[in-house]
Every structure is written in C-alpha cells, then in structure tokens.
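Asker: Need coordinates for the following:
(one chain, ligands or ions: 1)
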Amino acid sequence: MIENEEQARAFVAERCSSESFELLNVFVSELLAEAGRQNLISRSTIDRVWQRHIADSAQLLDHVPRGTEGVWLDLGTGAGFPGVITAIMRPEIPHVLVESRKRRVAWLEGVKERASLRNCSVQGSRLQLVESFDAAVISARAFAPLPDLISLSARFSTERTTWLLPKGRSAEQERDALDSPQRKMFHVKQSLTSRDAAILVGKGRPKVGRRT
Ligand SMILES: C[S@@+](CC[C@H](N)C(=O)[O-])C[C@H]1O[C@@H](n2cnc3c(N)ncnc32)[C@H](O)[C@@H]1O
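Answerer: Numbering: from 1, shown residues only. Sure, this is the predicted structure:
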C-alpha cells in the first residue's frame with residue numbers, strides 16, 4: 001500500500017522514464033498553481049497530490065495487458081486523471097481525453113501543448129457527441145455510475161478492450177448490481193493508494209440495450 005507522498009513518487013518513478021517523471025513534476029507544479037484559480041482537485045487532496053491523483057492514476061498501467069495496442073480512451077478527464085498521467089508515462093500509447101467543461105478543456109489543451117504531448121487528443125465535448133472508434137483501453141475515474149458509464153461508452157469497446165475503472169468503496173457493490181453478462185466482464189482489484197478503494201478491471205464489449 002502506498003502510504004505517503006514519498007512512496008507515491010517512488011511508485012511512479014519506477015514505472016516511467018526519467019523524462020516522463022520530470023514532465024509529471026512540472027504537471028504537478030502547474031496543477032497546484034491552477035488549483036488556486038479553478039476547482040480542479042478537492043482541497044483535501046492538495047497535500048497528497050502524488051498519492052491521491054498521480055499514483056492513483058499510474059497504478060492503472062499495471063492492469064494493462066502486455067502487447068496492448070491501440071487507443072486509450074479516458075472519459076471525463078477533468079484535471080487530467082487518469083488520462084494525462086498515463087499519457088505522460090506511456091508516450092507510445094495514443095490517448096483520447098474526453099471532457100465537456102470548457103475551463104477544464106482549456107486546461108487540458110494547455111497541459112498538452114506545454115508538455116508537447118503528441119500522443120494526446122482532447123475532445124472538448126460531451127461523450128455522447130464523440131464519434132465512435134475502437135478503443136483498446138477505456139478508463140474513467142469518478143465519471144458516472146457504472147451502468148451509465150457502460151451504456152454511454154460500450155460503443156467504443158471491442159472484445160479486446162480493457163476497462164479500467166477506479167471506484168471507491170462501492171466497487172464490488174456496483175459490479176454485483178450489473179446484469180449477469182456485464183458482471184462477468186469485471187474483476188475487483190484492490191487499489192494501492194487507499195484501503196477503501198478498488199479498481200474494476202474489465203475485458204470485452206458489454207451488451208447494452210438500444211439507446212435513443
Ligand atoms: C468528478 S469529475 C472527475 C474528473 C477526473 N476523472 C478525476 O478523477 O479527477 C467528472 C468529470 O467528467 C466530466 N463529464 C461528466 N459528464 C461528461 C460527459 N457526458 N462527457 C464528457 N465529460 C463529462 C465533468 O465535466 C468532470 O470534469
């Protein structure tokens with residue numbers, strides 16, 4: 001378990017190049033400066049930004065199967081979690097970050113430009129308006145309740161898609177409330193950044209009812 005900022009930084013540093021780690025340090029400085037201007041992260045997490053946000057996002061990489069190729073789709077990226085972090089740490093993986101709030105979109109565009117993140121595209125609109133494509137990975141932290149998340153994003157998935165959904169203490173309960181075929185897609189993995197949190201790791205294309 002990652003207990004403090006020092007452990008969080010070490011955890012992240014072990015999983016990326018020194019160039020990526022340097023970019024993450026710059027990102028954190030900018031995030032903390034911007035957090036004074038707009039509500040990007042909750043105040044209670046400012047003193048533990050590496051544990052609560054950077055390592056919390058970085059741990060998802062441990063659940064990406066070796067040899068995964070294709071686009072990583074992050075839903076409701078907000079201040080950058082987890083999509084900006086995984087994009088910085090894995091520059092070879094193309095990322096699409098979807099975010100609808102204008103100020104957050106501007107923030108994400110600025111981060112992308114300043115960090116020269118060539119593997120990132122920011123879709124500044126509601127997910128419902130984004131054209132479908134096949135995603136190798138779909139991630140979402142604090143985006144929507146699980147059934148809504150699945151019905152909104154199933155059209156981006158294939159049989160090979162990996163789903164990475166950090167959840168709080170409700171993870172198992174949310175998974176168990178799904179219909180049987182969807183429930184079987186997801187496993188509950190302990191989060192390394194909080195004893196009370198878990199990650200729903202899934203595989204495949206969920207069957208969903210027709211959406212209007
Ligand atoms: C609670 S925040 C979480 C942000 C980030 N994922 C994190 O964990 O820090 C949810 C984000 O999803 C965005 N969002 C909610 N519904 C959306 C939609 N339908 N399409 C695109 N973005 C959406 C919101 O604007 C917000 O920034």
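Asker: Around the ligand, which positions in the protein sit nearby?
Answerer: Neighbours of the ligand within the chain, by C-beta under 6 Å from any ligand atom: 76-79, 81, 98-101, 104, 126-128, 141-143. All C-beta atoms are positioned from the backbone trio N, CA, C, and that covers glycine.
Asker: Can you select the buried ones among those residues for me in PyMOL?
Answerer: Selection command for PyMOL covering only the buried members of the residues of the chain next to the ligand, criterion 16 or more other C-beta atoms under 10 Å:
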select buried, resi 76+77+78+79+81+98+99+104+127+141+143
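Asker: Inside strands: which ones of the residues of the chain next to the ligand?
Answerer: Per DSSP state E, strands hold the following members of those: Val98.
Asker: how about Glu172, what does it touch?
Answerer: Taking C-beta atoms under 8 Å, 6 or more residues apart in numbering, we find Glu172 in contact with 188, 198.
Asker: do you know how far it is from the ligand?
Answerer: With the distance defined as C-beta to the nearest ligand atom, to the nearest Å, Glu172 ends up 20 Å from the ligand.
Asker: before we move on, what about Pro145?
Answerer: Following C-beta to the nearest ligand atom, the distance that separates Pro145 from the ligand is 11 Å.
Asker: ok, and the closest non-adjacent residue to that residue?
Answerer: Nearest non-adjacent residue to Pro145, counting by C-beta to C-beta, 6 or more residues apart in numbering: Glu174, 7.1 Å away.
Asker: which element follows the host helix or strand of that neighbour toward the C-terminus?
Answerer: Secondary structure from DSSP states H and E places Glu174 in helix 171-176. Per DSSP H and E, the first helix or strand lying C-terminal to helix 171-176 is helix 180-183.
Asker: before we move on, back to that, out of the residues of the chain next to the ligand, which is nearest to Ser170?
Answerer: Ala142 (11.5 Å; C-beta to C-beta).
Asker: Torsion angles phi and psi at that closest one?
Answerer: phi 50, psi 40 (degrees, to the nearest 10).
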